[in-house]
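Visitor: pasting the structure only:
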């Protein structure tokens, strides 16, 4: 069994379910006063109400509900909330997806990743469903705030945080595959504070087979933010299975940047001609005109163009993207980031045609 599978098994919860709709969690913790002795901890959780207001959202593989802690016999804070994703166990395909999600959640709930990812508190199976208990984030997702244009500074901050999280995912051989504003949860926001988002919903994330490559038999994701090699279902070589790399996530980040700054999609999700012309024939990169029209700096336009290069091999990796000159201000303004400048040379990203990027 690999470490990720062990992490999934270790995070499984012992629960009791009752007809009153309450969920009882029982777990053992070390006794701080008696060596080698365990204390039993019991928590009781309840859905908000029966009217449907506890429903936080629905996705392709499950629904998310809000629950409240109404009892903690060890003195934990009552009234605290959590988000619970409920997935029908279904067929083997569904099982494969939720196992991948559990692996990602177990991995990225470690303390070092908590600034960048929604935290998972464990999971359990009951009544032919899988229940995944997660951090509840009050301000919901970034999609809810797309009724306005974001400033370049705001977009820069959000892009830095997402790129930082993607860097951790890709270093651990995970590809998100459905990066979009609806999967970025808002921890803090203006006017009280600056934007702070966390990556969520690993429901269609995939472990890459060789550190960078994933194979697909279906075209998965959300079209507005989907990389062309995924959306157009283009194999790397004629006769190969359709495949793509972590570069697909980088394209999605670029599409998010365009959407935030311009309030419009990078490419029309209902008309693939513009995307096809760009991807297959190197036609003009239309989003650059839109960004320029909204006053985006040259550095900002260069950043978006680099991570949305039509050739996936030429897109910078996430850890390279955060070294781009456009990202420099966010090194001092983001959660969990030291108050320092990047220490890796920026030359290769400031020159998107650099031969070093051809090895991505």
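Guide: Here it is on my side, so go on. In this text the structure is predicted, and so the values were computed from the model without any measurement.

Visitor: which residues in the stretch 1-150 of the chain form helices?
Guide: With DSSP state H, counting those that start in this stretch as the criterion, the stretch 1-150 of the chain has helices at 3-10, 92-108.

Visitor: The longest one - contacts with which helices or strands?
Guide: Looking back up the chat, that one is helix 92-108. When contacts are defined as 3 or more C-beta pairs under 8 Å, 6 or more residues apart in numbering; DSSP states H and E, helix 92-108 packs onto helix 3-10, strand 81-88, strand 120-126, strand 129-135, helix 152-171, strand 206-207. For glycine as for every other residue, the C-beta is placed from the backbone atoms N, C-alpha and C.

Visitor: Pull out the buried residues from it.
Guide: 94, 97, 98, 100, 101, 102, 103, 104, 105, 106, 107, 108 (16 or more other C-beta atoms under 10 Å).

Visitor: Also the first one?
Guide: For helix 3-10, burial by neighbour count (16+ other C-beta under 10 Å) applies to 4, 7, 8.

Visitor: Give me the helices and strands touching it, please.
Guide: By 3+ C-beta pairs under 8 Å, 6+ apart, helix 3-10 packs against helix 92-108.

Visitor: pLDDT of the helix it packs on, averaged?
Guide: When pLDDT is averaged over helix 92-108, the result is 81.

Visitor: If you rank every helix and strand of the protein by mean pLDDT, what lands last?
Guide: helix 347-350 (a mean of 44; mean pLDDT, DSSP states H and E).

Visitor: Residue 230 and residue 247 touch, don't they?
Guide: No. With contact defined as C-beta atoms under 8 Å, residue 230 does not reach residue 247; the gap is 10.0 Å.

Visitor: Give the intersection of the neighbour lists for these two.
Guide: Common contact partners of residue 230 and residue 247 (C-beta atoms under 8 Å, 6 or more residues apart in numbering): none.

Visitor: Let me see the confidence value for residue 218.
Guide: 45.

Visitor: scratch that, residue 252
Guide: Residue 252 is given a pLDDT of 97.

Visitor: repeat for residue 260
Guide: We have a pLDDT of 98 for residue 260.

Visitor: out of everything not next to it in sequence, what's closest to it?
Guide: Excluding the flanking residues, the one nearest residue 260 by C-beta to C-beta, 6 or more residues apart in numbering is residue 150, at 4.0 Å.

Visitor: Tell me the spacing between that neighbour and residue 297.
Guide: As judged by C-beta to C-beta, to the nearest Å, residue 150 and residue 297 stand 14 Å apart.

Visitor: ok, those two, which is more surrounded?
Guide: Using other C-beta atoms under 10 Å, the more surrounded residue of residue 150 and residue 297 is residue 150, with 21 against 14.

Visitor: Mind listing the residues bridging to residue 81?
Guide: residue 68 (DSSP bridges).
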